[in-house]
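Chemist: what's the 3D shape of this:
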Amino acid sequence: MIPLNKPKIDSLRIRIPLSEVKINPEHREFLRTITTVNNFGEILEEKVNVQYFKEVDGVGAKYLVKSEFGNPPVLYIGFSSKLLKKSYFQGINKRNMYLIYDIIKSENLIEISKEQLLLAEVIDVDFCIDYFINSEEGSVKQLIDICYDLTKSSKDIDVKRWKQPINRGIQWNRREGNKRAFKKKQFLKYYAKALELTNNSKVFYEAHLKDELNETLVDINGNVISERNKYFNLERLVRVETTIRNRMHFKSYGYNVRILNDLLSLDLDISFLQIFKRPIGVYMTGYNEIQHMKEMTVGEKIKYQLCLTTSKLNKLSIEDSIIIVSHTIYPKDIRKKRDMKNQLYSIISMVEVGKKTHKHNTEHWNEFIEEIQAKTFIP
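Modeler: The predicted structure is shown next:
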């Protein structure tokens, strides 16, 4: 089963003072001193191994001990919904948190109680939503192209797009970005989830999801209901991800989340969608079938596209690109430069500034646009 259209917790990190947990002194790697020697037996380097990560069939938690600014050492544990194995698509919640706790215990690095785990501070929480594109015209590829075209031109927006047959997606800014600039630079990503699992997470997929997602369902009379999960589609299953960095970031949305128990107690209802809508509004303009491109002369269309391309290359707004374009055309003639600026301002202001044009007039295309607007993929 793949729950659709509902926010879920996909991954997070917790941190807890190292003094509050008991480290397994018998573990062969974690917090053990690693000695490097040369061929003559001389010691070249000795260092303590402060991190540990070992996957078994694509599943494992990440451990790191770090001390910052002279403060006592802190243990960081990172884990994702992959630790839920067959329940991966359910996301992390109060009902299945015990499965993650059991894996942490089984890795045998530390001794920690369930109560300690729930009281640990949470950071870098990834939330996700899985959507299925129903429209006949629609696909993940079409969605990614539209979102890329609608991305605003700004030096504060770092956008990346993947168009490979085994990797389709778009990402705005970095997951590990500025911890305080979260209103303007919150990580956001759309990608083809089934494509990612079957190609880039193949070990995990084949060990824990393949059989269940492809099993044949029959009714009591033996009639086939479904030969596979119809929503697990390489071209139509889209995952949207965003990251909430810390307590201050949560507070900017009106949520008081400090410890794991606070996070698991959140009501991930319709109002929680605001954590996705804010970055979507920051990074993209709304879709609009602009008529003024049809009304322009050939010369005006060329100038408009020149401004649009310049803004994209320099990560500027389309208005700010006018200065560069006019100076490039008339670097020395002040009067002609001024006239060109006025002309360009007039062209880009004919209807709405910065909106991109998509020339599709079919009924199916309109249905696709209405669907992605309703699901708030775009503003």
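
Chemist: Run through the strands of the stretch 151-300 of the chain in chain order.
Modeler: With DSSP state E, counting those that start in this stretch as the criterion, the stretch 151-300 of the chain has strands at 159-164, 167-172, 188-192, 217-218, 224-226, 237-244.

Chemist: wait, which of those strands is closest to Lys105?
Modeler: Among those, the nearest to Lys105 by CB to CB is strand 237-244 (27.0 Å). Yep, even glycine has a C-beta here, placed from its N, CA and C like the rest.

Chemist: so which of the strands of the stretch 151-300 of the chain gets nearest Asp126?
Modeler: strand 237-244 (5.3 Å).

Chemist: For that closest one, the averaged confidence score.
Modeler: Strand 237-244 shows a mean pLDDT of 97.

Chemist: now what about that strand, what contacts it?
Modeler: With CB atoms under 8 Å, 6 or more residues apart in numbering as the test, strand 237-244 has contacts from 2, 10, 124-133, 140, 143, 175, 182, 186-194, 196, 231, 250, 253, 257, 275-276, 279, 377.

Chemist: Please tell me how far Asn24 sits from Ile100.
Modeler: Per CB to CB, to the nearest Å, Asn24 is found 18 Å from Ile100.

Chemist: which of these two has more neighbours?
Modeler: Ile100 (19 against 13; other CB atoms under 10 Å).

Chemist: where does that one land on pLDDT?
Modeler: pLDDT, Ile100: 97.

Chemist: And Val351, by the same measure?
Modeler: Confidence at Val351, expressed as pLDDT, is 42.

Chemist: Run a quick neighbour tally on Asp333.
Modeler: Neighbour count of Asp333, defined by other CB under 10 Å: 11.

Chemist: Same question for Ser80.
Modeler: Other residues lying near Ser80 total 19 when counted by other CB under 10 Å.

Chemist: Report the beta-bridge partners for it.
Modeler: Note on Ser80: beta-bridge partners Ser11, judged by DSSP bridges.

Chemist: per-residue pLDDT, it?
Modeler: Listed pLDDT for Ser80 reads 97.

Chemist: Next: Ile347.
Modeler: 80.

Chemist: That one is in contact with Thr297, isn't it?
Modeler: No: using CB atoms under 8 Å, Ile347 is not in contact with Thr297, being 9.7 Å away.

Chemist: Please say which of those two ends up with more neighbours.
Modeler: Between Ile347 and Thr297, counted using other CB under 10 Å, the more crowded position is Ile347 (19 against 9).

Chemist: and that one, helix, strand or coil?
Modeler: With DSSP: H, G, I helix; E, B strand; the rest coil as the basis, Ile347 sits in helix.

Chemist: So Ile275 sits against Tyr253, correct?
Modeler: Yes: if you go by CB under 8 Å, Ile275 and Tyr253 touch, sitting 5.7 Å apart.

Chemist: And those two? Which one has more around it.
Modeler: Ile275 (22 against 14).

Chemist: Please list all residues in contact with Leu119.
Modeler: For Leu119, the contact set (CB under 8 Å, 6+ apart) comprises Ile16, Ile259, Leu260, Asn261.

Chemist: Also Asn214?
Modeler: Counting by CB under 8 Å, 6+ apart, the residues that Asn214 touches are Arg228, Asn229, Phe232.

Chemist: where does the stretch 101-250 of the chain dip in pLDDT?
Modeler: In the predicted model, the stretch 101-250 of the chain carries pLDDT under 70 at residues 177-179, 216-227.

Chemist: can you pull out the helices in it?
Modeler: Assigned by DSSP state H, counting those that start in this stretch, the stretch 101-250 of the chain shows helices spanning 114-119, 140-150, 182-185, 193-199, 202-204, 210-214, 247-251.

Chemist: Please apply the same query to the stretch 251-379 of the chain.
Modeler: Remark: helices assigned in the stretch 251-379 of the chain by DSSP H, counting those that start in this stretch are 260-264, 274-283, 292-295, 298-314, 318-329, 334-348, 363-374.

Chemist: between the ones you listed, which gets nearest to Ile166?
Modeler: Minimum separation from Ile166 across the helices of the stretch 251-379 of the chain (CB to CB) falls at helix 363-374, 23.1 Å.

Chemist: Can you check what angle separates the closest one from strand 237-244?
Modeler: Put simply, helix 363-374 runs at 30 degrees to strand 237-244, going by axes from the mean of the first three to the mean of the last three CA atoms, to 10 degrees.

Chemist: residues of helix 363-374 that come out buried?
Modeler: Trp365, Phe368, Ile369, Glu371, Ile372 (16 or more other CB atoms under 10 Å).

Chemist: which secondary structure elements does that helix contact?
Modeler: Other elements packing on helix 363-374 under the criterion 3 or more CB pairs under 8 Å, 6 or more residues apart in numbering; DSSP states H and E are helix 140-150.

Chemist: Now do the helix it packs on: distance to the chain's middle.
Modeler: Here helix 140-150 is found 15 Å from its chain centre; the criterion is CA atoms, centre = their mean, to the nearest Å.

Chemist: what do you get for stretch 27-36?
Modeler: Mean-position distance between stretch 27-36 and its chain equals 34 Å (CA atoms, centre = their mean).

Chemist: Same check on stretch 63-78?
Modeler: With CA atoms, centre = their mean, you get 25 Å for stretch 63-78.

Chemist: buried set for it?
Modeler: Tyr63, Leu64, Val65, Val74, Leu75, Tyr76, Ile77, Gly78.
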